[in-house]
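In: Sharing a model prediction with you, sequence too.
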Amino acid sequence: DTEVTQTPKHLVMGMTNKKSLKCEQHMGHRAMYWYKQKAKKPPELMFVYSYEKLSINESVPSRFSPECPNSSLLNLHLHALQPEDSALYLCASSQGTGSYGYTFGSGTRLTVV
Amino acid sequence: GENVEQHPSTLSVQEGDSAVIKCTYSDSASNYFPWYKQELGKGPQLIIDIRSNVGEKKDQRIAVTLNKTAKHFSLHITETQPEDSAVYFCAASRSSGGSYIPTFGRGTSLIVHP
């Protein structure tokens, strides 16, 4: 299995809702990442998990809460989002946090109404 | 921090032509340079990468060159096909606290006309 699987593919949520994005990989990768991508822009790093521990938080607002239950799963919990948070949320994994390329999932297209 | 400039922002070619995308970086400590292809509705896909101890790398129709002195690297696609149409991102990475986090260029939209 050489894929990163993200669910759901699309999500529409109100500003008072709580929802979660899920990411799964079975490549034995020990680093996992959340990125946010706006239209026609490069991905922006949000969080890095290394060996299931949060190693980097790029000053992301607390309405985004990451969780890594085990080495294969990564969640992003969403609460009280704003319309400007609408974007494509990408999960990625890599063998480690060294100089390795990333395997990205196809993303969750999030719309906040 | 690292700054990566990528040009052109849009590149339109005829099928069979070659395409070249160029990137420059600012941090001389960067030593890993991946390239990603993002098709519509999909996540970025790693297509080729190069490390600073290598000047050129090829994989079938794609090649990457690196000039460390000038701090620039380029992606070359030969015999382009319509399925090469996508947005291409270059990136430069260096070790920071034990992690290599890429700084992405702004992307190049490649359009290959049949």
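Out: The structure has been received and is ready for your questions. Numbers count the residues shown, from 1 in each chain, chains lettered A, B, ... in the order given.
In: thinking residue A:54 is in contact with residue A:47, fair?
Out: Yes: at 6.4 Å, residue A:54 and residue A:47 qualify as touching, with contact defined as Cβ atoms under 8 Å. For glycine as for every other residue, the C-beta is placed from the backbone atoms N, C-alpha and C.
In: If you count surrounding residues, which of these two has more?
Out: Between residue A:54 and residue A:47, counted using other Cβ atoms under 10 Å in any protein chain shown, the more crowded position is residue A:47 (22 against 12).
In: Would you mind listing what in chain B touches chain A?
Out: Residues of chain B found near chain A (Cβ under 8 Å from any Cβ of the partner chain) are B:31-32, B:34, B:36, B:41-46, B:49, B:51, B:89, B:93, B:95, B:97-102, B:104-107.
In: among those, which are in helices?
Out: With helices defined by DSSP state H, no entry of the residues of chain B next to chain A lies inside them.
In: Now the buried members of these.
Out: Buried subset of these (neighbour count, 16 or more other Cβ atoms under 10 Å in any protein chain shown): B:31-32, B:34, B:36, B:43-44, B:46, B:49, B:89, B:93, B:99-102, B:104-107.
In: hmm, who's touching the helix-or-strand element of chain A with minimal mean pLDDT?
Out: For chain A, counting by mean pLDDT, DSSP states H and E, strand A:53-57 ranks last in confidence among helices and strands (a mean of 93). With contact meaning Cβ atoms under 8 Å, 6 or more residues apart in numbering or on different chains, strand A:53-57 is reached by A:45-49, A:66, A:68, A:97, B:97, B:99, B:101.
In: what do you get if the cut-off is 6 Å, keeping everything else the same?
Out: With Cβ atoms under 6 Å, 6 or more residues apart in numbering or on different chains as the contact definition, strand A:53-57 has outside contacts at A:47-48.
In: Now that strand - C-alpha only, PDB.
Out: C-alpha atoms of strand A:53-57 as PDB (Å, rounded to 0.1, in the frame of the first residue of the first chain):
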ATOM      1  CA  LYS A  53       4.400  13.100  18.900                       C
ATOM      2  CA  LEU A  54       3.600  16.600  17.800                       C
ATOM      3  CA  SER A  55       6.900  18.200  16.900                       C
ATOM      4  CA  ILE A  56       5.900  21.300  15.000                       C
ATOM      5  CA  ASN A  57       2.900  23.600  15.300                       C
END
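In: Report the next helix or strand after that strand in sequence order.
Out: Moving toward the C-terminus from strand A:53-57, the next helix or strand (DSSP states H and E) is strand A:64-70.
In: Report the strands that pair with that following strand, each with its relative direction.
Out: strand A:73-79 (antiparallel) (DSSP bridges).
In: quick check, distance from the partner strand to the centre of its chain.
Out: Offset of strand A:73-79 from its chain centre (Cα atoms, centre = their mean, to the nearest Å): 7 Å.
In: can you pull the buried residues of that strand?
Out: For strand A:73-79, by 16+ other Cβ under 10 Å, it's A:74-76, A:78.
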